[in-house]
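In: would you be able to build a 3D model of this:
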Amino acid sequence: MTDRTPLTPDMTAEEAFVVIALDAADDFVTHLDATMTDDDPHGPHQARVALRRLRTMLRAYEPILDGDFIKDMKAESRRIFRELGQIRDADILLAAARTEEERSRRQTVAQEVRETARKRLDRRDAGAFATRLEDRLDRKGWKAEGKRAKGWRKSPIGVLAGNALDHAWTDILPGKPLDQMKDTALHTLRKNVKAIRYMTEFFGPVIDHGDWRASLDALKALQDKLGQLTDMALAGTHHDDESGRATLLQEASELLQRVISLGTWWRPDPDLAQD
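Out: Next up, the predicted model:
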């Protein structure tokens, strides 16, 4: 793999996508290698993060990408993501064990899940994911056709970034208070928060407008609180610790309101929120 070029405001959307996609794929392979040789939960978690960042960019750059290319990349990354998810879930359950007997039993299960997932990932040749992506981007066929798509591709990075952020913003606006949401809805909200967080990480330094750093800090903290709620639901401890869950919901609600109050930082006028 070649060294990546930092994003700059004068890059086109096409140039930026290639840089971001390959960088995310490289990160994935690095953490996948750790997952295949080490039992540290950090490996599969960060490998999943890298894949989610890539999928977020597929979403952000959809107007310039060929539909089959998006479909293929999403399908392959989703299969790998699910295998890694088996490991991640087993690690979460292990960490939530309350007794030594339960921990011992879950440790055995986690190790079995890890070994099975490693074999499946090896059969899928997951380690060559970044190479396959780079080869495909070196060929024709990954770009959407048409005058409109070409215009998007040649536009400065901030134009398409702003369009993607507009759509991501609407996905985190709550339809009801968080304490009235079901666990599945909170999980969906967390995924949407991740998407706009990753976009802010990518595009904030390039657009460099408004208080994007404060928004990013709030998004990170919100994602963490929602993640704790998701882990509680997975481990089945949310009913046993209603007080702890209520506290997390309150903290998450305050952080979400903080994000909303900071507004659409990428817009010249952040008060012009998209309908």
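In: I'd say Arg59 and Ala164 touch.
Out: Yes. Between Arg59 and Ala164 there is a contact at 7.1 Å, judged by C-beta atoms under 8 Å. Where you see a C-beta, it was placed from the backbone N, CA and C, and this is true even at glycine.
In: of the two, who's got more company?
Out: Each of Arg59 and Ala164 has its neighbours counted (other C-beta atoms under 10 Å); Ala164 has more, 24 against 17.
In: quick one: contacts for the more buried one?
Out: Contacts for Ala164 were tallied using C-beta atoms under 8 Å, 6 or more residues apart in numbering; they are Arg59, Ala60, Tyr61, Met199, Phe203.
In: I'd say the fourth one and Leu160 touch.
Out: Okay, so that is Met199. No. Met199 is not in contact with Leu160 according to C-beta under 8 Å; the separation is 10.8 Å.
In: which neighbours do the two share?
Out: Common contact partners of Met199 and Leu160 (C-beta under 8 Å, 6+ apart): Ala60.
In: for this protein, longest helix please?
Out: helix 67-95 (DSSP state H).
In: show me what it packs onto, helices and strands only.
Out: On a contact count with 3 or more C-beta pairs under 8 Å, 6 or more residues apart in numbering; DSSP states H and E, helix 67-95 meets helix 42-60, helix 100-123, helix 129-138, helix 212-235.
In: please redo it, this time with the cut-off set to 7 Å
Out: Judged by 3 or more C-beta pairs under 7 Å, 6 or more residues apart in numbering; DSSP states H and E, the packing partners of helix 67-95 are helix 42-60, helix 100-123, helix 212-235.
In: of those, which stretch is the most buried?
Out: Each of these was scored by mean neighbour count; the highest is helix 42-60, a mean of 22, by mean count of other C-beta atoms under 10 Å.
In: how about the helices in the stretch 151-275 of the chain?
Out: 157-172, 183-207, 212-235, 242-262 (DSSP state H, counting those that start in this stretch).
In: redo these as JSON lines? Include distance to Glu101 and mean pLDDT.
Out: Below are the helices of the stretch 151-275 of the chain laid out as JSON lines (distance: least, C-beta to C-beta, whole Å; pLDDT from 0 to 100):
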{"stretch": "helix 157-172", "distance to Glu101": "41", "mean pLDDT": "95"}
{"stretch": "helix 183-207", "distance to Glu101": "27", "mean pLDDT": "94"}
{"stretch": "helix 212-235", "distance to Glu101": "16", "mean pLDDT": "94"}
{"stretch": "helix 242-262", "distance to Glu101": "24", "mean pLDDT": "94"}
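In: now these as TSV including distance to Asp38?
Out: Listed next are those as TSV, based on distance: least, C-beta to C-beta, whole Å:
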stretch	distance to Asp38
helix 157-172	33
helix 183-207	24
helix 212-235	21
helix 242-262	30
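In: of all these, which lies closest to Val113?
Out: Val113 lies closest to helix 212-235 among the helices of the stretch 151-275 of the chain, at 13.8 Å (C-beta to C-beta).
In: so which other helices or strands are in contact with the closest one?
Out: Packed against helix 212-235 by the contact rule (3+ C-beta pairs under 7 Å, 6+ apart) you find helix 67-95, helix 183-207, helix 242-262.
In: and those: which comes nearest Lys220?
Out: helix 183-207 (6.3 Å).
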